[in-house]
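> turn this into a model:
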Amino acid sequence: MAVGMGEWSETMDVTEETQKICDQVKDEVEKKTGENYGVYTAVKYCEIVDEQSFLFKVHDGGEDYIHLSVFRIPLLVHGAPDPKEILCGVEQHKTKDDPLVPFTN
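Sure, this is the predicted structure:
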């Protein structure tokens with residue numbers, strides 16, 4: 001299904017590449033939540049491709065999930081050869097069945 005500019009994609013299974021994006025913000029997530037995640041596995045995501053914005057559902061152990069809002073600054077925009085991920089928000093106490101919906105916090 002084609003996604004128009006500025007529209008969120010449908011929810012998809014995480015790929016190796018999108019797990020790496022989640023991994024890049026793990027330290028920030030732990031600081032923001034005050035938690036130390038032994039389990040931190042992204043399971044679903046959606047994105048706005050043209051804006052490099054992502055929403056992730058991350059399993060953090062047992063029945064617990066967190067949702068992450070992440071912005072990715074493309075290559076060389078910030079003066080470095082690799083993209084830079086910025087954590088925009090975290091929603092805690094989510095379940096496996098909670099839908100990914102845009103949020104800010």
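
> please make it C-alpha for all contacts and neighbour counts, starting now.
Will do.

> wouldn't I21 be in contact with E85 here?
Yes: using Cα atoms under 8 Å, I21 is in contact with E85, at 6.7 Å.

> pull the CA atoms of the lengthiest strand in the chain into PDB?
In the chain, taking DSSP state E as the definition, the longest strand is strand 84-94. Only the C-alpha atoms of strand 84-94 are listed here, as PDB (Å, rounded to 0.1, in the frame of the first residue of the first chain):
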ATOM      1  CA  LYS A  84      21.500  10.200  14.200                       C
ATOM      2  CA  GLU A  85      18.500   9.100  16.100                       C
ATOM      3  CA  ILE A  86      16.600  11.400  18.500                       C
ATOM      4  CA  LEU A  87      14.200  10.100  21.000                       C
ATOM      5  CA  CYS A  88      11.000  12.200  20.900                       C
ATOM      6  CA  GLY A  89       8.900  10.400  23.400                       C
ATOM      7  CA  VAL A  90       8.200   7.200  25.400                       C
ATOM      8  CA  GLU A  91       4.900   5.700  26.500                       C
ATOM      9  CA  GLN A  92       5.200   3.100  29.200                       C
ATOM     10  CA  HIS A  93       2.800   0.400  30.500                       C
ATOM     11  CA  LYS A  94       1.600  -0.700  27.100                       C
END
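
> buried set for that strand?
Residues K84, E85, I86, L87, C88, G89, V90, E91, K94 are the ones in strand 84-94 that count as buried (16 or more other Cα atoms under 10 Å).

> of all those, which comes closest to K44?
When those are ranked by distance to K44 (Cα to Cα), K94 comes first, at 12.9 Å.

> ok, that closest one - contacts?
When contacts are counted by Cα atoms under 8 Å, 6 or more residues apart in numbering, K94 touches D64, Y65, I66, H67.

> dump the residue contacts of the third one.
Okay, so that is I66. Neighbours of I66 in contact, by Cα under 8 Å, 6+ apart: K57, V58, H59, D60, V90, E91, Q92, H93, K94, T95.
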